[in-house]
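K.L.:
got a predicted structure plus its sequence, pasted below:
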Amino acid sequence: MEHTPEKPLRVVILISGRGSNMQALAECVQAERLPVRICGVISNRPDAAGLAWAQAQGLPAYALSHHAFPTRDAFDTALQAQLDALAPDYILLAGFMRVLGTSLVRHFEGQIINIHPSLLPVFPGLHTHEQALAQGVQWHGCTVHYVTPVLDHGPIIAQGVIPVHHDDTPDTLATRLLPVEHALYTQVLRWLAQDRVTLLADGRVQVRDQPHRAWAGPNLFN
Ligand code: GRF
């Protein structure tokens, strides 16, 4: 079903820090009047800059500190209850630095999406830019993918690539990649709002009328 302003796609965004991907998503919804309702922004860090930004925008912003819970499971249980109450169609992880447990991931199977700063399946985990430089890869990038119980793993929805320059540092790579992340994630959100994204039985993803899901420049998706 294609979403409409009367029946918007309900999205919750999970963050832990700066929140620039969340900001790009929220600004895209507003600027393009996408039929998307951001029904919550949740941060596991109460002092996250992104949470303050969301609050200032009038978005429903919630802090759920993982320090308030004795175990990972207890945090997941509380997060799941909060998510259930917000009834999202999709949960978008945007720099969310907590690993979600299997039970929560299964509860929202096919509804959790993440952006990871590497061309998965290479370089899962942390320090992806350092890993890319250490391996001497000539292309680096980011991946928007469905979340499965395995960390930074799961059906790939779209990827963005940038060349690696001989004098790149982790910081220059991260800086050049960030706008590509924003463009990629907002494009995936448009597809979700148009109900064009399908998780196939073979574990791959199909986007209706969109054979190209690789971003290497501003116009590739058009
Ligand atoms: C991004 O590089 C994202 O891919 C990674 O963490 C970073 C978060 O940045 N998972 P921001 O909080 O969205 O600005």
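P.N.:
Ah, there it is.

K.L.:
where along the chain do the helices fall?
P.N.:
Assigned by DSSP state H, the chain shows helices spanning 20-31, 49-56, 72-86, 102-107, 128-135, 170-193.

K.L.:
so which of those helices is nearest the ligand?
P.N.:
When those are compared by C-beta to the nearest ligand atom, helix 20-31 sits nearest the ligand, at 3.1 Å. C-beta coordinates here come from the backbone N, C-alpha and C atoms, glycine included.

K.L.:
can you point out the buried residues in that closest one?
P.N.:
For helix 20-31, burial by neighbour count (16 or more other C-beta atoms under 10 Å) applies to S20, N21, M22, Q23, A24, L25, A26, C28, V29.

K.L.:
same question, stretch 102-113
P.N.:
For stretch 102-113, by 16+ other C-beta under 10 Å, it's L104, V105, F108, Q111, I112, I113.

K.L.:
next one: stretch 6-16
P.N.:
P8, L9, R10, V11, V12, I13, L14, I15, S16.

K.L.:
pick the one among these closest to L199.
P.N.:
Set against L199, the nearest of the buried residues of stretch 6-16 by C-beta to C-beta is L9 (15.9 Å).

K.L.:
does that closest one really touch R196, like I thought?
P.N.:
No. If you go by C-beta atoms under 8 Å, L9 and R196 don't touch, sitting 11.6 Å apart.

K.L.:
this protein against the ligand: which residues are in contact?
P.N.:
Contact residues (C-beta under 6 Å from any ligand atom) of the chain with the ligand: 15, 17-21, 50, 94-95, 115-117, 142, 181.

K.L.:
export those residues to JSON lines and tack on pLDDT and distance to A214?
P.N.:
JSON lines is the format used below for the residues of the chain next to the ligand (pLDDT from 0 to 100; distance: C-beta to C-beta, whole Å):
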{"residue": "I15", "pLDDT": "98", "distance to A214": "26"}
{"residue": "G17", "pLDDT": "98", "distance to A214": "27"}
{"residue": "R18", "pLDDT": "97", "distance to A214": "26"}
{"residue": "G19", "pLDDT": "98", "distance to A214": "26"}
{"residue": "S20", "pLDDT": "98", "distance to A214": "22"}
{"residue": "N21", "pLDDT": "98", "distance to A214": "19"}
{"residue": "G50", "pLDDT": "98", "distance to A214": "28"}
{"residue": "A94", "pLDDT": "98", "distance to A214": "21"}
{"residue": "G95", "pLDDT": "97", "distance to A214": "22"}
{"residue": "I115", "pLDDT": "98", "distance to A214": "15"}
{"residue": "H116", "pLDDT": "98", "distance to A214": "15"}
{"residue": "P117", "pLDDT": "98", "distance to A214": "16"}
{"residue": "C142", "pLDDT": "98", "distance to A214": "11"}
{"residue": "E181", "pLDDT": "97", "distance to A214": "14"}
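
K.L.:
got a quick PyMOL command for the buried subset of those residues?
P.N.:
Buried residues within the residues of the chain next to the ligand, by 16+ other C-beta under 10 Å, are selected in PyMOL with:
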select buried, resi 15+17+19+20+21+50+94+95+115+116+117+142+181
